[in-house]
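Trainee: I would like to see how this sequence folds:
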Amino acid sequence: MSKDILKDMEKYRDELTAIRHDIHQHPETAFEENRTADVVAAKLTEWGIPIHRGLGKTGVVGTLKGKRPGQRTIALRADMDALNMQEKNTFDYTSVHQGKMHACGHDGHTTMLLGAAKHLARDPDFAGTLHFIFQPAEEGEGGARVMIEDGLFEKFPCDAVYGMHNMPGLKTGDFAIRPGPMMAASDTWTAVFRGTGGHGAMPYLGTDPTQPAAAFVTATQSIIGRNVNPQHAAVVSVGHIAAGQYGAANVIPSEVIVRGTARSYTPDDRNLLDRRLGEIARGIAAAHSCTVEYDYLRRYPPLRNAAEQTQLALKAAALTVGEARTDGDVEPLTGAEDFAFMLEKKPGAYILIGNGGSIADGSCHSVHTPHYDFNDQIILTGAAYWVNLVGVELGDAR
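Mentor: Take a look at the predicted model:
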């Protein structure tokens, strides 16, 4: 297996591009990916791959056994869900659903894995068993965790699991990965400051929760500057502030809600962010004769690639596009991925594939923006990577 796979798969280009455009045009958000799952299930069945449906509500798993004997089993995962946002593209396959859009490329991820499934089903020249996992609800709803809780790895045991995501700004079709922490834990925190409120002209007659809330917003950054080891990376950001009524500017509200996100890579730093946010919120509230209700919700764990599987993924990438187009030491990202739940259960690796362009000069759009679109040029590259990875893990290339 090698770069020749790309040439061999060229005959699939039109079919796979049409699948990608169809999924893009009909985006479905978390746990509602019924039509998308139907498309996936129909294609796998058409190609002779047995399927299982219903894990994680709308998840689809296809299983393909190699024609050579072998005990090893691996799983390849793609996410299927879209985002709740309005698309602003004008091409002919733009979203037909108001307020829903494939703004992260999961339409492309699903298509790349389908392309690999089609190719491998035609000639399953490998030893062992391969599971194709099509997962719902990656975007904030933890579909990977739900599939695991539904018995994913009991029903479909495997020795390793692999994932892939497109990356705008990385050269088209290039690959990037790193061993160890590659993406951050993603947590959501909330601090609700409460006082009596009162008349804006007579603040001395009550307690004003806007003061501790404002001080808290500024003080959160002291955690990064003064508590987190400077050799580590962490982020605390405020994303939501709500208080009072727009038409009542002379009323001091009795409650101020401040919400945000926290990102970290180690359990100790995660615990530190939780503890210090709570301590600062309570201390500042008390200093202003107010109270605070604080909550820290641990959402996605940090994504950590296993060293062995990272090297196997790198080998597969090099077989696909050449060593010069692979980076085995990419900088960690502060974004999060629920594939991390799978990597907590099984060794594996998560790789980035370049979507092309430059965000800095505006020649491409970042994920989660209304003009983003997955690059059709990399559909075959990603599919060929999956095929080469199967060759590395279950074939002669290991």
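
Trainee: ok, now how distant is Asp268 from Val235?
Mentor: To Val235, Asp268 is 16 Å away according to CB to CB, to the nearest Å. (Glycine included, C-beta is placed from N, CA and C.)

Trainee: the more surrounded of these two?
Mentor: The neighbour comparison of Asp268 against Val235 (other CB atoms under 10 Å) goes to Val235, with 15 against 12.

Trainee: Show the contacting residues for that one.
Mentor: Ala184, Ile224, Thr261, Ala262, Arg263, Ser264, Thr334 (CB atoms under 8 Å, 6 or more residues apart in numbering).

Trainee: okay if I get these as CSV plus secondary structure and distance to Ala286?
Mentor: Shown next, in CSV, are the contacts of Val235 (DSSP: H, G, I helix; E, B strand; the rest coil; distance: CB to CB, whole Å):
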residue, secondary structure, distance to Ala286
Ala184, coil, 31
Ile224, helix, 23
Thr261, strand, 25
Ala262, strand, 22
Arg263, strand, 28
Ser264, strand, 26
Thr334, coil, 32
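
Trainee: Can you show me the strands along the stretch 101-250 of the chain?
Mentor: With strands called from DSSP state E, counting those that start in this stretch, the stretch 101-250 of the chain shows them at 127-135, 160-168, 175-176, 180-183, 185-194, 198-199, 235-243.

Trainee: Could you point out which of these sits nearest Asp4?
Mentor: Proximity to Asp4, assessed across the strands of the stretch 101-250 of the chain by CB to CB, is greatest for strand 175-176 (17.7 Å).

Trainee: Could you dump the strands of the stretch 101-250 of the chain into CSV and include distance to Glu32 and mean pLDDT?
Mentor: Formatted as CSV, the strands of the stretch 101-250 of the chain follow (distance: least, CB to CB, whole Å; pLDDT from 0 to 100):
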stretch, distance to Glu32, mean pLDDT
strand 127-135, 14, 98
strand 160-168, 21, 98
strand 175-176, 31, 98
strand 180-183, 25, 96
strand 185-194, 22, 98
strand 198-199, 45, 97
strand 235-243, 24, 98
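
Trainee: What backbone torsions are found at the closest residue to Met112 other than its chain neighbours?
Mentor: Excluding the flanking residues, the one nearest Met112 by CB to CB, 6 or more residues apart in numbering is Gly382, at 3.5 Å. Backbone torsions for Gly382, taken as degrees, to the nearest 10, come to phi -70, psi -40.

Trainee: In TSV, list the strands of the stretch 101-250 of the chain along with distance to Ala116.
Mentor: Shown next, in TSV, are the strands of the stretch 101-250 of the chain (distance: least, CB to CB, whole Å):
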stretch	distance to Ala116
strand 127-135	8
strand 160-168	10
strand 175-176	15
strand 180-183	22
strand 185-194	28
strand 198-199	64
strand 235-243	34
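
Trainee: Out of these, the one nearest Gly395 is which?
Mentor: Short answer: strand 127-135, nearest of the strands of the stretch 101-250 of the chain by CB to CB, at 6.9 Å.

Trainee: Can you spell out which helices and strands pack onto the closest one?
Mentor: Helices and strands touching strand 127-135, by 3 or more CB pairs under 8 Å, 6 or more residues apart in numbering; DSSP states H and E, are helix 34-46, strand 60-65, strand 68-79, helix 106-122, helix 143-149, helix 379-394.

Trainee: With just CA atoms, put it into PDB.
Mentor: What follows is strand 127-135, C-alpha atoms only, in PDB (Å, rounded to 0.1, in the frame of the first residue of the first chain):
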ATOM      1  CA  ALA A 127      -5.200  -9.800   8.400                       C
ATOM      2  CA  GLY A 128      -7.800  -9.200  11.200                       C
ATOM      3  CA  THR A 129     -10.900  -7.200  11.600                       C
ATOM      4  CA  LEU A 130     -11.700  -3.500  10.900                       C
ATOM      5  CA  HIS A 131     -14.500  -1.500  12.400                       C
ATOM      6  CA  PHE A 132     -15.700   1.700  10.700                       C
ATOM      7  CA  ILE A 133     -17.300   4.000  13.400                       C
ATOM      8  CA  PHE A 134     -19.500   6.800  12.200                       C
ATOM      9  CA  GLN A 135     -20.200   8.900  15.300                       C
END
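
Trainee: Give me the distance from stretch 57-74 to the chain's centre.
Mentor: 23 Å (CA atoms, centre = their mean, to the nearest Å).

Trainee: Point out where this structure drops to low pLDDT.
Mentor: Low-confidence segments of the chain, defined by pLDDT under 70: 1-3, 396-398.

Trainee: mind checking the longest helix of it?
Mentor: helix 267-287 (DSSP state H).

Trainee: residues of it that come out buried?
Mentor: Across helix 267-287, burial judged by 16 or more other CB atoms under 10 Å covers 269-270, 272-274, 276-278, 280-282, 284-285.

Trainee: picking that back up, could you dump the helices and strands packed on strand 127-135 into CSV and include mean neighbour count and distance to Thr94?
Mentor: Shown next, in CSV, are these (neighbours: other CB atoms under 10 Å; distance: least, CB to CB, whole Å):
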stretch, mean neighbour count, distance to Thr94
helix 34-46, 18, 16
strand 60-65, 22, 25
strand 68-79, 19, 21
helix 106-122, 25, 12
helix 143-149, 23, 25
helix 379-394, 26, 18
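
Trainee: Export the ones you listed as CSV, with columns for distance to His97.
Mentor: Listed next are the helices and strands packed on strand 127-135 as CSV, based on distance: least, CB to CB, whole Å:
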stretch, distance to His97
helix 34-46, 10
strand 60-65, 20
strand 68-79, 18
helix 106-122, 13
helix 143-149, 19
helix 379-394, 22
